[in-house]
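J.: quick one, structure for this:
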Amino acid sequence: MRFIIALTACLAASSAVGAPPNVLFIAVDDLRPELGCYGKPVQSPNIDQLAREGTLCERAYVQCALCMPSRASILTGRRPDTTGVVDFTVRFRDVLGDVVTLPQHFKNNGYHATAFGKLFHNDDPASWSEPLWKSNRRRYHTDFGKQVLAWIKEDYRRVTYVWDLGDGVTKTKRPGGLPWEAPDVPDNALRDGHIADAAIAKMKELKSKPFFLAVGFHKPHLPFIAPKKYFDLYDRDKIALATNPFPPRGAPRFAVYNWNDLRHYYGIPDVGPVSEDQARDLKHAYYACVSFMDAQVGRLLKSLDALGLRENTVVVLWGDHGWQLGEHGMWDKHSNFETSTHAPLILRTPGQKPGRTRALVEFVDIYPTLAELCGLPLDEGLEGRSFVPLISAPDRQWKSAAFSQYQRVIPGYGQVARGMGYSMRTDRYRFTEWLVRGTDFRAYELYDHQSDPDENVNLAIATEHKPLVDELKKKLHSGWKAAVP
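T.: Predicted coordinates for the structure are as follows:
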């Protein structure tokens with residue numbers, strides 16, 4: 001509590017002399033907690049250093065494991081059922097109209113809010129003080145990568161990939177290029193390096209005025225493309241593959257996904273698993289992309305220091321959701337499993353005592369947290385809770401559950417009645433209820449993270465666990481408000 005009071009006083013004093021705290025807001029696409037600071041064998045020295053200096057949230061959860069719904073939730077401070085964004089068909093302004101987004105809130109309170117790369121899935125011009133900056137760098141750089149694109153351009157009208165969404169519902173998509181590539185090029189030949197260049201230039205331009213600088217990196221999103229030097233950081237043959245490349249025992253079949261995001265790329269099988277060699281190549285390439293992105297984060301942080309802005313800038317880094325690297329036989333997000341909903345979240349505030357917290361934190365909490373740290377009023381419609389108290393007391397009592405959801409076609413109900421899986425992560429359990437509104441359909445998943453941290457056995461189908469299922473069902477139905485102490 002003393003730290004919070006001191007921090008608030010410090011930031012208030014800065015504001016009084018005309019220097020309110022800046023915000024460096026770093027978003028990363030498809031980044032699971034596959035980082036050195038989370039105990040993983042990935043070379044991410046810059047993010048690891050940020051974590052050592054700030055607060056690392058060990059158990060932070062997104063509200064939907066899909067980029068557009070997740071980002072809409074984070075940037076409006078509302079949950080998917082409120083934003084109306086559960087897939088790619090609805091935009092949050094269609095439902096919430098004039099809702100004030102997180103960057104817009106800062107803009108309305110005297111900040112210059114500017115963005116580079118991917119922040120919203122679809123841009124929201126009202127959120128920014130100037131138009132979103134996008135990189136024009138091409139995707140593929142090797143001769144073979146460009147040749148594959150030429151083949152696609154020639155043949156795409158007669159070659160399509162069919163996504164099996166379940167219960168006879170399909171969707172077609174044109175074929176993609178290489179799933180991964182390691183061109184021997186400088187960092188800024190690729191989009192994320194180019195984005196870092198532009199963001200650093202803007203940081204220099206804005207150094208004398210309060211800014212909300214949002215930088216959205218694309219990697220490690222597919223295709224896994226990074227300069228060759230980042231692939232060279234790893235011994236491909238020593239990268240361990242997922243130990244559970246199979247669906248959880250007893251789980252409903254619609255709990256897993258056909259990972260169609262990857263299937264339309266060149267050389268990936270239309271059905272069935274990837275080969276062991278492909279799995280190793282993919283994981284190697286994912287790691288390389290994480291290290292490439294980490295290097296760009298390091299450039300941003302070094303520029304912040306060089307410009308003398310470190311002591312007056314709040315830095316937050318987050319991944320928009322997790323990503324399966326072969327777990328449960330999947331290669332994407334699109335699920336309610338821990339591997340999809342668990343994502344990295346790191347916050348560094350000026351003068352803070354570093355720490356790690358195992359408290360359950362939700363990404364919908366980011367909006368109120370940044371607003372409180374910078375002394376801005378809180379919107380009454382926000383559906384998260386500021387986790388500022390965890391900065392000074394990482395072990396304090398906090399939320400009893402975190403909530404996520406994912407939409408899926410449920411077999412037997414067809415295209416017109418899609419189901420929703422509502423998932424709740426407690427300290428020990430993950431509990432998911434699948435339903436189709438307007439029907440009596442219900443299905444359940446229950447995983448005990450004490451004995452089964454990889455979520456390999458669904459306990460909900462066993463009669464001896466019915467009392468626990470009923471207890472968790474009641475807690476899930478009580479909703480997020482009841483989980484806040």
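J.: C-alpha only now, for contacts and for neighbours.
T.: Noted.
J.: I'd assumed E181 was in contact with Y140.
T.: Yes. At 7.4 Å, Y140 counts as touching E181 under the criterion of Cα atoms under 8 Å.
J.: find residues that contact each of the two.
T.: Applying Cα atoms under 8 Å, 6 or more residues apart in numbering, one finds that Y140 and E181 are jointly contacted by I225.
J.: grab the longest helix from the protein for me.
T.: Determined from DSSP state H, the single longest helix within the chain is helix 276-306.
J.: buried sites along that one?
T.: Neighbour-count burial for helix 276-306 flags 279-301, 303-304 (criterion: 16 or more other Cα atoms under 10 Å).
J.: most centrally placed residue in the protein?
T.: D320 (1.5 Å; Cα atoms, centre = their mean).
J.: next up, the contacts around the closest residue to V185 other than its chain neighbours.
T.: Using Cα to Cα, 6 or more residues apart in numbering and skipping residues adjacent in sequence, the residue nearest V185 is P227, 5.7 Å away. P227 makes contact with 182-187, 292, according to Cα under 8 Å, 6+ apart.
J.: quick one: those as CSV, columns for secondary structure and distance to H194 too.
T.: Formatted as CSV, the contacts of P227 follow (DSSP: H, G, I helix; E, B strand; the rest coil; distance: Cα to Cα, whole Å):
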residue, secondary structure, distance to H194
A182, coil, 17
P183, coil, 15
D184, coil, 16
V185, coil, 12
P186, coil, 10
D187, helix, 8
F292, helix, 12
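J.: with respect to F212, which of those residues is nearest?
T.: Minimum distance to F212 across the contacts of P227 is 23.9 Å, recorded for F292 (Cα to Cα).
J.: distance of that closest one from D123?
T.: Distance of F292 to D123, given as Cα to Cα, to the nearest Å: 25 Å.
J.: now the residue nearest to the centre of the chain: phi and psi?
T.: Recorded main-chain torsions at D320 are phi -80, psi -10, according to degrees, to the nearest 10.
J.: tally of neighbours for L262?
T.: For L262, the count of nearby residues is 18 (other Cα atoms under 10 Å).
J.: over to N458?
T.: 20.
J.: tell me how far it lies from T426.
T.: Taking Cα to Cα, one finds N458 at 16 Å from T426.
J.: so who does Q49 touch?
T.: No residues are in contact with Q49 under the rule Cα under 8 Å, 6+ apart.
J.: doesn't it fall inside a helix?
T.: Yes. With DSSP: H, G, I helix; E, B strand; the rest coil as the criterion, Q49 is part of a helix.
J.: L75 contacts L102, correct?
T.: Yes. Contact between L75 and L102 holds when scored by Cα under 8 Å: they sit 5.2 Å apart.
J.: what residues are shared contacts of these two?
T.: Contacts common to L75 and L102, judged by Cα under 8 Å, 6+ apart, are Y367.
J.: still on that earlier bit, and the contacts of P227 as TSV, adding distance to P368?
T.: Formatted as TSV, the entries for the contacts of P227 read as follows, by distance: Cα to Cα, whole Å:
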residue	distance to P368
A182	40
P183	41
D184	42
V185	40
P186	38
D187	34
F292	30
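J.: need these in TSV with pLDDT and distance to K353, can you?
T.: Conversion of these to TSV gives the following (pLDDT from 0 to 100; distance: Cα to Cα, whole Å):
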residue	pLDDT	distance to K353
A182	98	39
P183	98	41
D184	98	41
V185	98	39
P186	98	36
D187	98	33
F292	99	28
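J.: out of the residues you listed, which end up buried?
T.: Counted by 16+ other Cα under 10 Å, these give 182-183, 187, 292 as buried.
J.: what's the closest of the residues you listed to Q407?
T.: F292 (32.1 Å).
J.: quick check: the gap between that closest one and A115.
T.: Here F292 is placed at a distance of 20 Å from A115 (Cα to Cα).
J.: quick one: the helix or strand that the longest helix of the chain is followed by to helix 276-306, angle?
T.: As assigned by DSSP states H and E, the chain's next helix or strand after helix 276-306 is strand 313-319. Angle, strand 313-319 to helix 276-306, by axes from the mean of the first three to the mean of the last three Cα atoms, to 10 degrees: 170 degrees.
J.: from the contact counts, what lies against strand 313-319?
T.: strand 22-28, strand 345-348 (3 or more Cα pairs under 8 Å, 6 or more residues apart in numbering; DSSP states H and E).
J.: what lines up beside it in the sheet?
T.: Sheet pairing of strand 313-319 (DSSP bridges) gives strand 22-28 (parallel), strand 345-348 (antiparallel).
J.: including mean neighbour count, could those go into TSV?
T.: Converted to TSV, the strands paired with strand 313-319 look like this (neighbours: other Cα atoms under 10 Å):
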stretch	mean neighbour count
strand 22-28	23
strand 345-348	24
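J.: can you list contacts of stretch 322-329?
T.: Residues from elsewhere that reach stretch 322-329 (Cα under 8 Å, 6+ apart): 30-33, 65, 241-248, 256, 273, 279, 283, 330-333, 338-343, 456.
J.: return the set of buried residues in that stretch.
T.: For stretch 322-329, burial by neighbour count (16+ other Cα under 10 Å) applies to 322-329.
J.: count of neighbours near P45?
T.: So P45, with other Cα under 10 Å, has 17 neighbours.
J.: read off the pLDDT value for it.
T.: Per-residue pLDDT puts P45 at 98.
J.: ranges for the strands of the stretch 101-250 of the chain?
T.: Assignment of strands within the stretch 101-250 of the chain using DSSP state E, counting those that start in this stretch yields the ranges 112-117, 161-166, 169-173, 180-181, 211-217, 224-225.
J.: any idea which of those has the lowest pLDDT on average?
T.: strand 161-166 (a mean of 52).
J.: quick one: the closest residue to Y140 other than its chain neighbours and G177, what's the gap?
T.: Spatial nearest neighbour of Y140, chain neighbours left out: K146 (6.1 Å); criterion: Cα to Cα, 6+ apart. Separation of K146 from G177 (Cα to Cα): 8 Å.
J.: who's more crowded, these two?
T.: A count of neighbours by other Cα under 10 Å puts G177 above the other of K146 and G177, at 22 against 15.
J.: I'd guessed P252 sits against A443; true?
T.: Yes. Proximity of P252 to A443 meets the contact threshold set by Cα under 8 Å, at 7.3 Å.
J.: out of the buried ones among the contacts of P227, who's nearest P269?
T.: Among these, A182 lies closest to P269 (Cα to Cα), at 21.2 Å.
J.: how many neighbours does the closest residue to the closest one other than its chain neighbours have?
T.: Nearest residue to A182 in three dimensions, chain neighbours excluded: K228, at 4.6 Å (Cα to Cα, 6+ apart). By the measure other Cα under 10 Å, the count of residues near K228 is 18.
J.: could you check how far K228 is from D270?
T.: 28 Å.
J.: what residues are up against V95?
T.: Shown in contact with V95 (Cα under 8 Å, 6+ apart): 83-84.
J.: quick one: pLDDT of it?
T.: The model's pLDDT for V95 equals 97.
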